[in-house]
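> give me the fold of what follows.
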Amino acid sequence: MALQSLPLRFLLALAPLLSAHGQEEFFNIQIVPQGTEGCKRPQWDSRLQLAPDQVNYKKNEEVMLSCPEGFQPPFTRVKCSSEVQSFSGGKPVYRELWTGINSRGAWVRIRSSVECSEVLQVDPETFEISSTSIKLKWTCRFPDACQGMRAMCRLAAPSSPPCEAEEVNAEQMLHGQEGTFTCSPLQPFTEYSVTIDLPPNTTLFSWFFTTQESVPDKPEQLWLDPDRGSLRWSAPPSCNGEIIGYQLNITARNAGDSSVLETERLRLDGSVTEHRLPGHSPGSSYAVMLQGLTAAGAGAALTREFHSNSSSDTPHPQAISCRGARDIAPSQGTAVLPLSPIAPGSEAAREHQLIVAATHNASLIESICSEQAQLSNASAYQAALLNLSAATDFVLGDGSRGQGMDNAALSPGRDYTALLRLVRRGPQAEKFTCVCYSFSLGKCLLAPGAQASLLPAPFC
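Numbering: from 1, shown residues only. Here you go, the predicted model:
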């Protein structure tokens, strides 16, 4: 009868244990037979090393805990203890428990499973990486174990031409429970290693970083291949980032008609190192600008001016010689432009933009033609949008408006340039062709006796 009642007694003793201490504390509590006081080997982290390592421990027997390199248990000294749980048949029923020494040197009850935790925590989500620096945040979970901690930054591998990076000797002693470590100045698009060590030779953290890309250096070689009729260049080294493409701008001047400007803006693949020039009459010139592209953007531009049989490092484009206007009427603020379609054949009906700029500055006119200069209501504006299919006379300044255009009256005494612009756009290219018209609106004099009038009538 006594043997049959043992399971019931065990369950009666176990029920208040689970309700009073919860599942977590149960890791450190076991019911032991009546009349004994001791502990079984605790079921904690399998990485924990116990010294001595035994199946059973006597009451008050101390055990040293340790973890693999770079890890630390919350207690390094623990002790087997027990307390009376209940009485059965007049005899005590013990439950075993473990205590450990805390940071203050006091023995406290261990209420959860003892785990090996990393001494140092560095969250990858806090990494701040630019093209010239690496920054990380660290936290030491066991300050006593972090004494003498040192962070270092080095090149991950020796550099070689043409991308030679200087060795960096960033080293810093880390103090306290948390902080940051910054490694700079660094080279773009270069791999570095960051380590945090404890003396004499314990590595707490090790990581390889690649700095972000920056814009590429200016291309070094660009030449005209007269036999192939194309521009060629040497691919720059990928020191600051992978060369993913090129931005190529070509402004062509036709020797036969210097009033025509043609600018082509192309986005070329990184594997391309040649581009065929558009065909023009002999004596034409080409102002070329080439930029390498990385993920960070476009780098410095290399510019060259090419002619049919010579080239120079510095562009000296031939002067723009614009067409003229007729029937200039300062009193009316108008001038007549003889316009013709820019593109022949099927392209003749494309929409032509008529841009007016109050200037004779050749560089500004060229920038306006290629949309590099912004239009403004005062000094440069779009006067009309025309579907030209044949030659026509257009009255500039007649005051007509529509669809965001304003063919405003011209001001006497000012210089003007009108651009008839045709724009063709594709996925990787833009082409701007302009014909320029240049004229000046003379000053008008007041009629005799009109000085006192509120609305004097000018005459020319």
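> so, low pLDDT: which residues of the chain?
Within the chain, the segments meeting pLDDT under 70 span 1-37, 255, 279-282, 308-319, 344-349, 377-378, 443-460.
> any idea which residue sits dead centre in it?
What sits nearest the mean C-alpha location of the chain, by Cα atoms, centre = their mean, is residue 296, with 6.1 Å.
> look up how far residue 210 lies from that one.
To residue 210, residue 296 is 13 Å away according to Cβ to Cβ, to the nearest Å. C-beta here means a position set from N, CA and C on the backbone, and glycine is covered the same way.
> how long is stretch 407-418 end to end?
End-to-end distance for stretch 407-418, by Cα to Cα, to the nearest Å: 12 Å.
> flag every buried residue along it.
407-408, 410, 412, 416-418 (16 or more other Cβ atoms under 10 Å).
> with adjacent residues omitted, what lies nearest to residue 137?
residue 126 (4.3 Å; Cβ to Cβ, 6 or more residues apart in numbering).
> number of nearby residues for the one you found?
By the criterion of other Cβ atoms under 10 Å, residue 126 has 12 neighbours.
> look up phi and psi at it.
phi -100, psi 0 (degrees, to the nearest 10).
> ditto for residue 338
The phi/psi pair for residue 338 (degrees, to the nearest 10) is phi -80, psi 100.
> not counting residues beside it along the chain, what's closest to it?
Nearest non-adjacent residue to residue 338, counting by Cβ to Cβ, 6+ apart: residue 393, 5.8 Å away.
> the one you found contacts residue 335, correct?
No. When contacts are counted by Cβ atoms under 8 Å, residue 393 is not listed as touching residue 335 (10.6 Å).
> more crowded one of these two?
Set residue 393 next to residue 335 and count neighbours by other Cβ under 10 Å: residue 335 wins out with 24 against 10.
> contact partners for that one?
325-329, 395-397, 410, 416, 439, 441 (Cβ atoms under 8 Å, 6 or more residues apart in numbering).
> what about it, distance to residue 381?
The gap separating residue 335 from residue 381 is 15 Å, by Cβ to Cβ.
> likewise for residue 441?
In terms of Cβ to Cβ, residue 441 sits 16 Å off from residue 381.
> these two: which has the busier surroundings?
Using other Cβ under 10 Å, the more surrounded residue of residue 441 and residue 381 is residue 441, with 25 against 17.
> what about that one, distance to residue 245?
For residue 441, the distance to residue 245 - Cβ to Cβ - is 45 Å.
> can you give me the strands for the stretch 151-300 of the chain?
Listed in chain order, the strands of the stretch 151-300 of the chain (DSSP state E, counting those that start in this stretch) span residues 170-173, 178-183, 191-198, 202-210, 222-225, 230-233, 245-253, 260-269, 274-276, 285-294, 297-298.
> closest to residue 70 out of those?
Ranking the strands of the stretch 151-300 of the chain by proximity to residue 70 (Cβ to Cβ) places strand 202-210 first, at 5.3 Å.
> in that closest one, what's buried?
So, applying 16+ other Cβ under 10 Å, buried residues of strand 202-210: 204-205, 209.
> so which of these is the closest to residue 182?
The nearest member of the buried residues of strand 202-210 to residue 182, counting by Cβ to Cβ, is residue 209 at 12.1 Å.
> check contacts around that closest one.
Residue 209 sits next to 127, 129, 134, 191-194 when contact means Cβ under 8 Å, 6+ apart.
> run the last query once more with 7 Å
129, 134, 192, 194 (Cβ atoms under 7 Å, 6 or more residues apart in numbering).
> specify the beta-bridge partners of it.
Bridge pairing for residue 209 (DSSP bridges) gives the partners residue 192.
> how about the secondary structure of residue 367?
The local conformation at residue 367, judged by DSSP: H, G, I helix; E, B strand; the rest coil, is helix.
> quick one, what contacts it?
Neighbours of residue 367 in contact, by Cβ under 7 Å, 6+ apart: residue 373.
> please enumerate the strands of the stretch 301-450 of the chain.
With DSSP E, counting those that start in this stretch as the criterion, the stretch 301-450 of the chain has strands at 302-306, 311-312, 326-329, 334-339, 351-357, 380-387, 392-396, 401-402, 405-406, 415-425, 429-440, 445-446.
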